[in-house]
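Asker: Next one to model:
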Amino acid sequence: MEEQISHYMLRMGKFEFFLVSMDINLAHVDGANQAIMGVNWTRVAQLVENYYPFAQFDFDHPPIRMFKETAPQFLVKSHHGGLKWDSDDVVIDSWDRLFTRSFAQLRNNIAHGNKALMPAAFTNERTRQFIAAGHELMDFVGQAIFNRSDWDGPIAFR
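Answerer: Model (predicted):
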């Protein structure tokens, strides 16, 4: 599982760079010094909505339905002062919610350390399913929106 998570995290970093390099308007920019602080997922969602309206989209092609129907868990401080997994009942009813609540949250979720320290029913199989759906969503956006299937090339230093 650790290799799958590592691979996903590497691809996610490449994907975020790909998005902002293809369209600087997709960057979340710090106003003071114009530093790129990540991806503005709301703008990505607007772009996807222009091509593929959420209400008519077939989430089985690509197989990304999991992002629409199941939000990843997140860590919260429990009433007893420790960590616990939690979720909310926010309905994923737009590309914006899908990208900001499900897709972006997945990276934070799987980056958290050893899931065995806080086992829960969803931490193994659900993580595998989310990772597979995450790869599909990145490939979908790269190809469908930017007509690029080569966005995930090797990291090269020249």
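Asker: give me the beta-bridge partners of the nearest residue to Leu83 once chain neighbours are set aside?
Answerer: Closest residue to Leu83 apart from its sequence neighbours, by CB to CB, 6 or more residues apart in numbering: Leu75 at 5.4 Å. Any C-beta I mention is one placed from the backbone N, CA and C, and that applies to glycine too. Beta-bridge partners recorded for Leu75 (DSSP bridges): Trp85.
Asker: can you give me the strands in this protein?
Answerer: 27-29, 36-39, 74-77, 83-86 (DSSP state E).
Asker: Hmm, the residue nearest to Leu83 is touching Trp85, no?
Answerer: Yes. With contacts counted by CB atoms under 8 Å, Leu75 reaches Trp85, the gap being 6.6 Å.
Asker: ok, the two, which is more surrounded?
Answerer: Trp85 (19 against 13; other CB atoms under 10 Å).
Asker: any low-confidence regions in this structure?
Answerer: The model of the chain has pLDDT under 70 over residues 71-72, 108, 111-124.
Asker: So which residue of it lies furthest out from the middle?
Answerer: Note on the chain: the largest C-alpha distance from the chain mean falls to His80, namely 30.2 Å (CA atoms, centre = their mean).
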